[in-house]
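A.B. asks: Please work out how this folds:
(4 chains)
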2 protein chains.
Amino acid sequence: MAISAAAKLVETEGFQSLTARKVAAKIGYTVGTLYHVFRNFDDLVIHMNAQTIDEMAALIQQKTRKKRNPEVRIRAMAEVYVQYATDHPDRWRLVFEHQAPSGLPTPAQMKERRDVMFEMVADNLREISPERIPQEVAHTATALWSGIHGICILALTGKLYLGGAFSMVKLIDTLIDSVLNEFRHR
Amino acid sequence: MAISAAAKLVETEGFQSLTARKVAAKIGYTVGTLYHVFRNFDDLVIHMNAQTIDEMAALIQQKTRKKRNPEVRIRAMAEVYVQYATDHPDRWRLVFEHQAPSGLPTPAQMKERRDVMFEMVADNLREISPERIPQEVAHTATALWSGIHGICILALTGKLYLGGAFSMVKLIDTLIDSVLNEFRHR
DNA sequence: CTCCAAATTAAACAATGTTCAATTGATGGT
DNA sequence: ACCATCAATTGAACATTGTTTAATTTGGAG
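C.D. replies: Numbering: from 1, shown residues only, chains lettered A, B, ... in the order given. So this is what the prediction gives:
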C-alpha cells in the first residue's frame, strides 16, 4: 500500500520532504498511478493520518487495558501518548498540522478517530467520580487531554525550555495532578 | 517593509498560499529583490513570526498591566492570548508550525521571544507563592501555559469538540483553576 | 487468438523556491 | 555637464512540486 510507504518516508526524511513522486517510486509506480487511487495529495495525507491515529490509539488501549485504577490508567495513557509522539515525531505532527486546503472539510471519520482518545479519558474520569454529570466529565477530559497535547507539541517542536530540572513527563504529571485533584474535590 | 505585506497576505489568504512572488508583487518589487533582503523564504517567515510574537506580547502586556491581583493577571493573559489567536489564526499558527528546514536552527532571538510569555506567567506565580523555589515556579508556569496553548491550538484547528456546553474560555478557566489550586495548596 | 476494459505510463502544465548575469539608477568626483 | 562606479533591481532561467490527460501497456473473458 502507498500509505505505508508514505508513512515510512515521513518517518525517515521528515514530512517536509514527503512528495507524491517519492511515494510512487517507493512502491515501484509512477506518479500518475497515485492519482487514480487518491484524488489529491492531501487525500493521501488524510488516509495516512487516519492510520497514524489508529496505530496510536491501539497502542494506548493495549498498554493501558491491564491497569485497574482509573487514575493510573490516565497516567499510563498520557505516558504512551508522549512516547508515541516522541518516537514518531513527524507522523504525529502531520496529524495535527495538516489541514485540507480549500474544499472538503476534514472527513467525519477523522474527527471520530480523534475523539476516541478524549472519550477514553472521560470514561476513566467517570469511574473516578461517578456522581459528576456527563458534561462536567467531558469538559474536564477535554481540558486535561488538550493540556497534555499542548505540552507534547511544544516540547516536540523544540519550543519549550526543557531545563534539566523539568522534563516533559514531569510537566504532564503536574497537569494531571492538578486537574484530577480539582476534579475530585470540587 | 516586506514583512508587513507578508503578514497581511497570511491574514487575508491563509498561510498556505503565502508565496514569495505574491509578497514581492504586494510591495511593488520582483521576486529577485526579495532574495537580496532575505536569504530564504523561511528567513522571511522567521522575521514575520518574530513580529507576530512581539505584537502579541505587547498586547498581552498592555492589557494586563493595570490588573493588581496576580491570579487575575494570569487569567487576563490567557484571555488575550486566546483572543489574539482567534483574531489572527493563520499568523498565530505559523509561529508554532513553521520550522526552518535543514541547516540553521531557529535563531536564539526567537526562543527568547517565546520565553517572554512563560516568564510573565512565572512572575505572577511567584507573587502568588513567594516561598516556592524558582524551579517549582518555572515548572508550574511551563505546565500551565503549555496546557493553555494546547487548548488553543486544538480549538483553533477545529480538532476539538466544542459542544455548546464548554467553550475555549471555560476549558482554559478549568485548567487555570486546577493548576493554581495545586500550586497554592501543595 | 482477439478484443475490451482496466491499469499504468509518459509527457505536459502551471506554480513554487532559488539563482545569477544583465540592466537600470543614482551618486559622487572631476 | 559628463562619466565612472557601485548598489539596487530585474528578467530569465532551473529544478521540483502537484495535477491532468492522452496514449500505451497489460491481463483476462469470450
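A.B. asks: When you work out contacts or count neighbours from here on, use the C-alpha atoms and nothing else.
C.D. replies: Will do.
A.B. asks: domains for chain A, by residue range?
C.D. replies: Split into domains by automatic domain parsing, chain A comes to A:1-37, A:41-185.
A.B. asks: buried sites along the worst-scoring helix or strand of chain A on mean pLDDT?
C.D. replies: Of the helices and strands making up chain A, the lowest-confidence element is helix A:108-128, at a mean of 90, by mean pLDDT, DSSP states H and E. By neighbour count on 16 or more other CA atoms under 10 Å in any protein chain shown, the buried set for helix A:108-128 is A:110, A:113-114, A:117-118, A:120-126, A:128.
A.B. asks: Let's have the residues you listed in JSON lines, adding distance to residue A:12.
C.D. replies: Formatted as JSON lines, these follow (distance: CA to CA, whole Å):
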{"residue": "A:110", "distance to residue A:12": "24"}
{"residue": "A:113", "distance to residue A:12": "25"}
{"residue": "A:114", "distance to residue A:12": "25"}
{"residue": "A:117", "distance to residue A:12": "27"}
{"residue": "A:118", "distance to residue A:12": "29"}
{"residue": "A:120", "distance to residue A:12": "31"}
{"residue": "A:121", "distance to residue A:12": "32"}
{"residue": "A:122", "distance to residue A:12": "35"}
{"residue": "A:123", "distance to residue A:12": "36"}
{"residue": "A:124", "distance to residue A:12": "36"}
{"residue": "A:125", "distance to residue A:12": "38"}
{"residue": "A:126", "distance to residue A:12": "40"}
{"residue": "A:128", "distance to residue A:12": "41"}
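A.B. asks: Name the nearest of those relative to DNA strand D.
C.D. replies: Distance to DNA strand D across those (CA to the nearest atom of the strand) is lowest for residue A:110, with 19.2 Å.
A.B. asks: Look up the closest residue to the closest one, ignoring the ones flanking it.
C.D. replies: With CA to CA, 6 or more residues apart in numbering or on different chains as the criterion, residue A:110 has its nearest non-adjacent residue at 6.3 Å, and that residue is residue A:50.
A.B. asks: any residue of the strand or helix carrying the one you found up close to DNA strand D?
C.D. replies: For residue A:50, the host element (DSSP states H and E) is helix A:41-64. Yes: contact between helix A:41-64 and DNA strand D, assessed by CA under 7 Å from any atom of the strand, occurs at A:41-42.
A.B. asks: What is that helix packed up against?
C.D. replies: helix A:2-13, helix A:70-87, helix A:89-97, helix A:108-128 (3 or more CA pairs under 8 Å, 6 or more residues apart in numbering or on different chains; DSSP states H and E).
A.B. asks: pLDDT below threshold where in chain A?
C.D. replies: By pLDDT under 70, the low-scoring segments of chain A are A:102-106, A:163-165.
A.B. asks: and chain A, which residues reach DNA strand C?
C.D. replies: Neighbours of DNA strand C within chain A, by CA under 7 Å from any atom of the strand: A:28-33, A:36.
A.B. asks: Which member of those is positioned nearest chain B?
C.D. replies: residue A:31 (22.9 Å; CA to the nearest CA).
A.B. asks: Of the residues of chain A next to DNA strand C, which pair is most distant in space?
C.D. replies: Farthest-apart pair in those is A:28 and A:36; separation 15.0 Å (CA to CA).
A.B. asks: if we can go back for a sec, possible to save the helices and strands packed on helix A:41-64 as CSV with distance to residue A:176?
C.D. replies: Converted to CSV, those look like this (distance: least, CA to CA, whole Å):
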stretch, distance to residue A:176
helix A:2-13, 30
helix A:70-87, 7
helix A:89-97, 22
helix A:108-128, 11
